[in-house]
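> Task: produce atomic coordinates for the following.
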Amino acid sequence: MSLLLFFLQTDRMKKLIFLCTFLVLLFFKGVAQNNFIDSLKHQLDISPADTNKVKSLINLAWTYTFINPDSAISFAKEARDLARELNYSKGEGVALNALGEASHTAGDFPQALEVLFNALRIGRATKDQEIESNSLDFIGIAYVDLGEYRQGLNYLYQAKEMNEKFSLSSNKQMESFRFSNIGYAYEKLGNPDSALFFQQQAQILSKNISIGPLTALILTRLGVIQADLGNHTQALNHYRDAIYIGDILNVGIAQYRLAELFYTLHQPDSSLHYARLAFINNQRAMEKQWMLETSNLLVKLYKAKSNIDSSYHYQEVSIVLNDSLFGPRKFHSLQLLAIREQQRQQEILQEQQRYKNKIKTYLMLAALVVFLLLAFIFWRNNRNKQRANTLLQQQKQKLEGTLQELKSTQRQLIQSEKMASLGELAAGIAHEIQNPLNFVNNFSEVNKELIEEVKSEKLKDKSERDESLEGKLLNDIAQNLDKIRHHGRRADAIVKGMLQHSRSGGGQRESVDINALCDEYLRLAYHGSRAKDKSFNAEIKTDFESSIGNINTVPQDVGRVVLNLINNAFYAVSERMKLHAASFKPQVLVSTKRVDNKILISVKDNGNGIPQNIIDKIFQPFFTTKPTGHGTGLGLSLAYDIVKAHGGEIRVETNEGQGSEFIVQLPISS
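Next up is the predicted model:
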């Protein structure tokens, strides 16, 4: 696929040259490869350190992308660094696109996306529409291969709209490839109609293009759609046509799809035959993602034939490939990349807003000067009166303030602790509410497209209208509206929970699912801790007894108790981790249990524990073991009062150096 992308970015003469070179490489294998690459290296040696050398390095990087991605990455980095030295922005942007695609081919999605986003920023900053369009395409393709289909569609559609707006679609191969990737994303999203439409458009655009990798790719994807629709004969013909083309980049993928089809049709021998061929050819083409898919299929086939050794072998291959492509470190890197990109976008918007506000600021300054002059005049006139009134008022306020402070101190401290806990929840709530809002936005965009399709269908003559298609589109719109309503209610529930948590009143008793409440506050507390300390991590376990059901209680009060205990547990394991970072594995367990007519809520950690000489003081107001500025000393005291007000009990079991367990006991009926 990487070599195909290289073809799509070159003009006709370069395409012909590199296609011929590629065929020679395949025929003469290593000898021809070394001769061709040596010739390119020779060009670099005799070229001056100017833009021509940057272009030669980029061409060499694209050539290596399919043969050896690691070398391609090295040459692309060299081109990028040289372009920066020469202050050659266009060369840097093109080099970053080459580096991103080489990293994509090597299976390093975090690095690929990071450099592609940098290329996108260069394209936009220099107003180079070609670089920007290519970056959008490559980012979209990377997200589609990563499994983030809606994210990929977003960038692919941006590239499509940009090409249409600025008439950049002279390269029919790139346009056809973009349409094929859009169709592939729709197929993965379970929308076969849209998938088939875009694949057929891609096929139409590729008719005037010589048969090659792009044709094989489109045929394979058309076969997948026909297989999903149950048209097995058509799917079989598409796969065989793709294999017949003989493109090394896609033959393994087509063979895997053929093996997958035979497996669906309960023909294990044929499936095994093509699966073996697919694994070999995908390995030759260095397609790690398809090697992973093929190895998973081989595991199932060999297991069905009771061939344990082969099944175990491909199981190990699958594990290694999965970790290489989608391991925890790469997943974490992708998360950080998404956060950084979002922050960059916000900074751009903020900078634009600051620029717009400059003019407003100047006008406001003039108004402020006038206001200050008037204020000074009024202040001077009223100063004498205020002095006399102030003396009387101060004496009265002192008397009233003393009494008022005594009455309000307790309420203020309690509310302060509640707001502090609300602050603990802020980061977790922000993370939680983002998910349903993303769903609402995405489904709204899809509905907009579906409505446009319905409108276009309505405008047709009655003889040409497809009423069944209109019905399907309207049904899809209704389903999307249900999903929007569902996620909207989810966001509403999160906001209501936050508001309920911040109430200063006593609250009303209501029927509450204790398991759901504990799970909700556990997740919010964890995200809050992560927001304060990016390095914090802990293994979270839950053990909720399903037979508990609902109890009649004040949810915001019980939520404060649970939140306080969980935050204390996270703090305890975090402190121990600072002392034993290498060998310590932080763990927090939250469980519920029903005993007779009572419910037990347990929060257990493996932190440092509580010394025996202070265990009797932990529920006293203002007592805390945390450093100054890290705690008010009211958390456990308020928790104790809330539990007692509910007719329950709270106790602690601890072993110094091993951890602590706080157990809350609440009656089911009050």
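
> For this protein, which segments are assigned as strands?
510-513, 539-544, 550-553, 587-595, 598-605, 649-655, 659-667 (DSSP state E).

> out of those strands, nearest to Gly123?
strand 539-544 (42.0 Å; CB to CB). Backbone N, C-alpha and C define where each C-beta goes, glycine included.

> just checking, what packs against that closest one?
helix 514-532, strand 587-595 (3 or more CB pairs under 8 Å, 6 or more residues apart in numbering; DSSP states H and E).

> about what we covered before: would you reformat the strands of the chain as TSV and include distance to Phe75?
Below are these laid out as TSV (distance: least, CB to CB, whole Å):
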stretch	distance to Phe75
strand 510-513	59
strand 539-544	43
strand 550-553	64
strand 587-595	47
strand 598-605	51
strand 649-655	59
strand 659-667	53
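
> CSV please, covering the ones you listed and showing mean neighbour count.
Below are the strands of the chain laid out as CSV (neighbours: other CB atoms under 10 Å):
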stretch, mean neighbour count
strand 510-513, 13
strand 539-544, 13
strand 550-553, 18
strand 587-595, 18
strand 598-605, 21
strand 649-655, 15
strand 659-667, 20
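
> Turn those strands into TSV, columns for mean pLDDT.
Converted to TSV, the strands of the chain look like this (pLDDT from 0 to 100):
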stretch	mean pLDDT
strand 510-513	84
strand 539-544	89
strand 550-553	83
strand 587-595	91
strand 598-605	91
strand 649-655	89
strand 659-667	90
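
> Out of those strands, the one nearest His313 is which?
When those are compared (using CB to CB), the closest one is strand 539-544, at 31.5 Å.

> mind giving me the domain split of the protein?
Domains of the chain are assigned by automatic domain parsing as 1-127, 248-344, 404-505, 510-667.

> Let me have the ones you listed in a markdown table, extended by distance to Phe166.
Output for these, formatted as a markdown table (distance: least, CB to CB, whole Å):
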| stretch | distance to Phe166 |
| --- | --- |
| domain 1-127 | 11 |
| domain 248-344 | 24 |
| domain 404-505 | 22 |
| domain 510-667 | 40 |
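
> between those, which one is nearest to Glu187?
domain 248-344 (11.8 Å).

> pLDDT of that closest one, averaged?
Domain 248-344 shows a mean pLDDT of 78 in the predicted model.

> How far does it sit from its chain's centre?
Chain-centre distance of domain 248-344: 23 Å, with CA atoms, centre = their mean, to the nearest Å.

> try stretch 142-152
Relative to the mean C-alpha coordinate of its chain, stretch 142-152 is positioned 10 Å out (CA atoms, centre = their mean).

> got the buried residues for that stretch?
For stretch 142-152, the neighbour count (16 or more other CB atoms under 10 Å) marks Ala142, Tyr143, Val144, Asp145, Leu146, Glu148, Tyr149, Arg150, Gln151, Gly152 as buried.

> Could you give the number of residues near the residue nearest to Ile618 when sequence neighbours are not counted?
Using CB to CB, 6 or more residues apart in numbering and skipping the chain neighbours, the partner closest in space to Ile618 is Leu636 (5.5 Å). Neighbours of Leu636 under the rule other CB atoms under 10 Å: 23.

> what's the burial count for the closest residue in space to Leu120 that isn't next to it in sequence?
Among residues not flanking Leu120 along the chain, Ser135 sits closest, at 3.9 Å (CB to CB, 6+ apart). By other CB under 10 Å, 29 other residues sit near Ser135.

> same question, Ser311
Residues near Ser311, counting by other CB under 10 Å: 18.

> Test my guess that it contacts Asn296.
No - using CB atoms under 8 Å as the test, Ser311 is too far from Asn296 to be in contact (10.9 Å).

> on that earlier part again, would you mind telling me which of the strands of the chain is nearest Val115?
strand 539-544 (33.5 Å).

> just the angle between that closest one and helix 514-532, please?
170 degrees (axes from the mean of the first three to the mean of the last three CA atoms, to 10 degrees).

> Quick check: the residue nearest to Ile618 vs Lys644, distance?
12 Å (CB to CB, to the nearest Å).

> So which residues of the stretch 251-400 of the chain form helices?
All helices of the stretch 251-400 of the chain, identified by DSSP state H, counting those that start in this stretch, fall at 268-284, 288-304, 308-326, 328-458.

> Mind giving me the packing neighbours of the third one?
Other elements packing on helix 308-326 under the criterion 3+ CB pairs under 8 Å, 6+ apart are helix 288-304.

> which helices and strands does the helix it packs on pack with?
Here helix 288-304 touches helix 248-264, helix 268-284, helix 308-326, going by 3+ CB pairs under 8 Å, 6+ apart.

> and stretch 86-100, which residues are buried?
88-100.

> Which single one of those residues is nearest to Lys188?
Gly100 (21.6 Å).

> Now for that closest one: which residues touch it?
Gln111, Ala112, Leu113, Val115, Leu116, Ala119, Ser135, Phe138, Ile139, Ala142 (CB atoms under 8 Å, 6 or more residues apart in numbering).

> right, so of the strands of the chain, which gets closest to Ala531?
Per CB to CB, nearest to Ala531 of the strands of the chain: strand 539-544, 15.7 Å.

> and that closest one with strand 598-605, angle?
170 degrees.

> what pairs with strand 539-544, and is each one parallel or antiparallel?
Looking at strand 539-544 with DSSP bridges, its partner strands are strand 587-595 (parallel).

> Pull the CA coordinates from the strand it pairs with and hand them back as CSV.
Only the C-alpha atoms of strand 587-595 are listed here, as CSV (Å, rounded to 0.1, in the frame of the first residue of the first chain):
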residue,chain,number,x,y,z
GLN,A,587,-3.8,-1.6,43.2
VAL,A,588,-7.2,-0.3,44.4
LEU,A,589,-10.2,-2.6,44.9
VAL,A,590,-13.8,-1.3,45.2
SER,A,591,-16.4,-3.9,46.2
THR,A,592,-20.0,-4.1,47.4
LYS,A,593,-21.7,-6.9,49.3
ARG,A,594,-25.1,-7.5,50.9
VAL,A,595,-25.1,-9.0,54.4
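
> roughly how far out does it sit from the chain middle?
That offset, for strand 587-595, works out to 30 Å (CA atoms, centre = their mean).

> Then stretch 86-103?
Relative to the centre of its chain, stretch 86-103 is centred 25 Å away, using CA atoms, centre = their mean.

> and that stretch, average pLDDT?
Mean predicted lDDT for stretch 86-103 stands at 89.

> ok, now stretch 113-128?
Across stretch 113-128, pLDDT averages out at 89.

> Residue ranges in the stretch 351-500 of the chain under the pLDDT threshold?
Residue ranges of the stretch 351-500 of the chain with pLDDT under 70: 351-352, 355, 403, 406-435, 439, 487, 490, 493-500.

> before we move on, the earlier item: can you tell me how far the residue nearest to Leu120 sits from Asp145?
Taking CB to CB, one finds Ser135 at 16 Å from Asp145.

> what does Phe371 give?
59 Å.

> what do you get for Leu60?
24 Å.

> what about the strands of the chain, which gets the closest to Phe376?
strand 510-513 (55.7 Å).

> elements contacting that closest one?
So strand 510-513, by 3+ CB pairs under 8 Å, 6+ apart, packs with strand 550-553, helix 555-579.

> Go through the ones you listed and pick out the most buried.
Burial of the helices and strands packed on strand 510-513 is given as mean neighbour count (mean count of other CB atoms under 10 Å); helix 555-579 ranks first at a mean of 22.

> circling back to that earlier point, present the helices and strands packed on helix 288-304 as a markdown table; the columns should include distance to Ala202.
As requested, the helices and strands packed on helix 288-304 are exported to a markdown table (distance: least, CB to CB, whole Å):
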| stretch | distance to Ala202 |
| --- | --- |
| helix 248-264 | 14 |
| helix 268-284 | 22 |
| helix 308-326 | 26 |
